[in-house]
Each structure stands twice: as structure tokens, then as C-alpha cells.
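Undergrad: sequence first, predicted coordinates after that:
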Amino acid sequence: MDRQSAGAASHDADTILNGVVEILEDMTKDWDTSFSGRIGPDTSLMNNLTFESIDIVMLIVAIEERFGKKGLPFEELLMMDGHYVDDLKVSEIVGFLAKQLRAGASA
């Protein structure tokens, strides 16, 4: 079984976390940031990794491809009270994906 189908078959929190971290490491490997260490659940996209809005769009596309699920309601993650959130932690993305992928699996 290749990694893509293995990721689609198993949507537990550890698998999701590993997938999101791999995407973020790949996206940011050539960026000049002051962030050092490993990306983990408490890593902040804007404060630690210096993400900008276009980077969020690229991340969403990469997540949809990685987990084989298009059209997830990312606005639930990115918007609060009609405004974009100021920052986002890896753990928040993982929690959102776990909930959405479970809901999709039972539908």
C-alpha cells in the first residue's frame, strides 16, 4: 500500500498530525524564518512559521491532496465571528481535520 492510500485509510490524530507536519516542513524548508526546532502541535503558522494568506491557500490545497478530501469547510477553521483568525496552531488544524475526516467516513 502506498503512503497516499495508507493516509486515506487511517485518519487517526497521529496520522493526521504526521501528515500536516510533513506538509509544513516541505512548504517551509527553504524559508528564512527565525523558527528552529521541529514543527509540532504547538507550532504557530503565523507567529512561528511566518505564514501569509497565500501560504494558507497553498496549505489547504496540500491538505486536500494529502488526505484525498476536497471541499472541506476550512472557513470553520479560519474564521471566527466573521473575521479571519490572527493565528493558527498545528493542533487546531489536526483537530479540525480529525473531526471532518471522521464525519466524512461515517457519511
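TA: Nice, I can see it. Residues are numbered from 1 along each chain as shown.
Undergrad: residue ranges in this structure under the pLDDT threshold?
TA: 1-10, 105-107 (pLDDT under 70).
Undergrad: if you set the cut-off to 90 instead, what comes out?
TA: 1-13, 31-37, 102-107 (pLDDT under 90).
Undergrad: quick one, strands of it?
TA: 79-80, 83-84 (DSSP state E).
Undergrad: adding distance to D55 and mean neighbour count, write these out as JSON lines.
TA: Backbone N, C-alpha and C define where each C-beta goes, glycine included. Shown next, in JSON lines, are the strands of the chain (distance: least, CB to CB, whole Å; neighbours: other CB atoms under 10 Å):
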{"stretch": "strand 79-80", "distance to D55": "17", "mean neighbour count": "11"}
{"stretch": "strand 83-84", "distance to D55": "13", "mean neighbour count": "10"}
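Undergrad: which one of those strands lies nearest to G95?
TA: strand 79-80 (14.4 Å; CB to CB).
Undergrad: picking up where we left off before, which stretch among the strands of the chain comes nearest S34?
TA: Of all the strands of the chain, strand 83-84 comes closest under CB to CB, at 23.5 Å.
Undergrad: and the closest residue to V21 other than its chain neighbours, how many neighbours?
TA: Once flanking residues are discounted, V21 sits nearest to I39: 5.0 Å by CB to CB, 6 or more residues apart in numbering. Neighbourhood size, I39 [other CB atoms under 10 Å]: 20.
Undergrad: what do you get for P73?
TA: P73: 11 neighbours (other CB under 10 Å).
Undergrad: ok, now the one 5 residues further on?
TA: L78 has 16 neighbouring residues, counting by other CB under 10 Å.
Undergrad: heads up, I number from 490, so please use that
TA: Noted, 490 is the first residue going forward, which turns the last one into L567.
Undergrad: where's it relative to S523, distance?
TA: For L567, the distance to S523 (CB to CB, to the nearest Å) stands at 24 Å.
Undergrad: same thing with V579?
TA: 18 Å.
Undergrad: please say which of the two ends up with more neighbours.
TA: V579 (20 against 6).
Undergrad: pretty sure that one contacts N536?
TA: No: if you go by CB atoms under 8 Å, V579 and N536 don't touch, sitting 11.9 Å apart.
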